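Peer 1: have a look at this prediction, sequence included:
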Amino acid sequence: MIRTILLSLALSAVVSTCNAQKICATATIHSSQKEAFATFYEHIPTIRLPFEYSYNFILDLPNTICPNKEAMNFIATCVDADTDLSICRIAKLPSTNNWHLFLIFGNNQTGERRIFLCALDSKYNLTNK
């Protein structure tokens, strides 16, 4: 069964929240972590909107990549403590108005897939997740 992700509404909400400068990160993020992630971010495949996905997409996660060790330190600050990032995957969405949007695919403690939509400002500060 094919499902359509309607992320445009979610992205509008994220950008609106970002414009209000709402900071959601609870952990301290060092500038070296942001720099490492900024370098990694340029190599993340972009998923174009809107896109459709099947159940196999959730299992195989095509057009995504595994984060490197340096980027993983930053990514860990973008998810909650219950998320297992040992086999996580990352994809980015088209940037808009200098906001960098990306998806983190991880698992919860029972192995169920968790997806986080995150937004970074132009200086790679986490503004919403």
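Peer 2: Thanks, I have it. These numbers come from a predicted model, not from an experiment.

Peer 1: can we go C-alpha only for contacts and neighbour counts from here?
Peer 2: Fine.

Peer 1: next, the residue nearest to the spatial centre of the chain: secondary structure please.
Peer 2: By CA atoms, centre = their mean, the chain has its centre lying nearest to Leu103, at 2.8 Å. What DSSP: H, G, I helix; E, B strand; the rest coil gives for Leu103 is strand.

Peer 1: separation between it and Thr110?
Peer 2: According to CA to CA, to the nearest Å, Leu103 and Thr110 sit 20 Å apart.

Peer 1: ok so, going back, what separation do you get for the closest residue to the residue nearest to the centre of the chain other than its chain neighbours and Ser32?
Peer 2: Using CA to CA, 6 or more residues apart in numbering and skipping residues adjacent in sequence, the residue nearest Leu103 is Leu117, 4.8 Å away. Distance, Leu117 to Ser32, by CA to CA: 22 Å.

Peer 1: of the two, give the one with the bigger neighbour count.
Peer 2: Neighbour count, other CA atoms under 10 Å: between Leu117 and Ser32, Leu117 has more, with 20 against 13.

Peer 1: one step back: what is the mean pLDDT for whichever strand or helix holds the residue nearest to Leu103?
Peer 2: Taking DSSP states H and E as the definition, one finds Leu117 inside strand 113-120. Mean per-residue pLDDT for strand 113-120: 93.

Peer 1: and the helix or strand just after it, which strands flank it?
Peer 2: Helices and strands here follow DSSP H and E; after strand 113-120, the next one along the chain is strand 126-128. Using DSSP bridges, the strands paired with strand 126-128 are strand 113-120 (antiparallel).

Peer 1: the strand it pairs with: which residues count as buried?
Peer 2: Arg114, Ile115, Leu117, Cys118, Ala119, Leu120 (16 or more other CA atoms under 10 Å).
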